[in-house]
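> could you look at this predicted model? Sequence included:
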Amino acid sequence: MAKKLSSLDDLGGFVFSTNKDFEFDSNDEQQQTLPNNQQKLEAHLDKKNRGGKVATIIKGFEGTDDDFKALAKKLKTLCGVGGSAKDGEIIIQGDFRTKIMDHLAKEGYKVKRVGG
């Protein structure tokens, strides 16, 4: 039985081109994770669309998906709370911005406080 396709992304991204001169080049370049001292992260505090609850959001990580998720797991463990890592944002439940910023600075990241 064939796998059911739910979107065009399931086809691999490229479907068809009417351009006669089109050349499909599959550059499967793996994104490299920048060293900690070259990362420029932003620490946000967010209350919107969360039912009045506060969340700390870390943005700006550049690297592989595995390294991104590993950093998110490390921060969630550090704070002892839940959260998620998606769409280039690490969301930590609660107001742990100063604790996270201190930890990231010790790890060598450049962290900037954004917002009030």
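Right, received. Where do you want to start? Residues are numbered from 1 along each chain as shown.
> report the longest helix in this protein, please.
Assignment by DSSP state H gives helix 65-79 as the longest helix of the chain.
> in the helix or strand following it, what counts as buried?
Going down the chain from helix 65-79, the next helix or strand is strand 83-86, by DSSP states H and E. Residues Gly83, Ala85 are the ones in strand 83-86 that count as buried (16 or more other CB atoms under 10 Å). Heads up, the C-betas are built off the backbone N, CA and C, glycines and all.
> outside of strand 83-86 itself, list whatever touches it.
With contacts defined as CB atoms under 8 Å, 6 or more residues apart in numbering, strand 83-86 is touched by Ala55, Phe68, Lys69, Leu71, Ala72, Lys73, Leu75, Lys76, Ile90, Ile91, Ile92, Gln93.
> try it again at 6 Å.
For strand 83-86, contacts defined as CB atoms under 6 Å, 6 or more residues apart in numbering pick out Lys69, Ala72, Lys76, Ile91, Ile92, Gln93.
> show the average pLDDT along that strand.
Taken as a whole, strand 83-86 carries a mean pLDDT of 93.
> now do stretch 102-112
Computed over stretch 102-112, the average pLDDT equals 95.
> just stretch 46-64 next, same as before
Here the average pLDDT along stretch 46-64 is 91.
> oh, and call the first residue 10 from now on, that's how I've got it
Done: numbering now begins at 10, and the last item shifts to stretch 55-73.
> and that stretch, how far from the chain's centre?
Its chain's average C-alpha position is 10 Å from that of stretch 55-73, according to CA atoms, centre = their mean, to the nearest Å.
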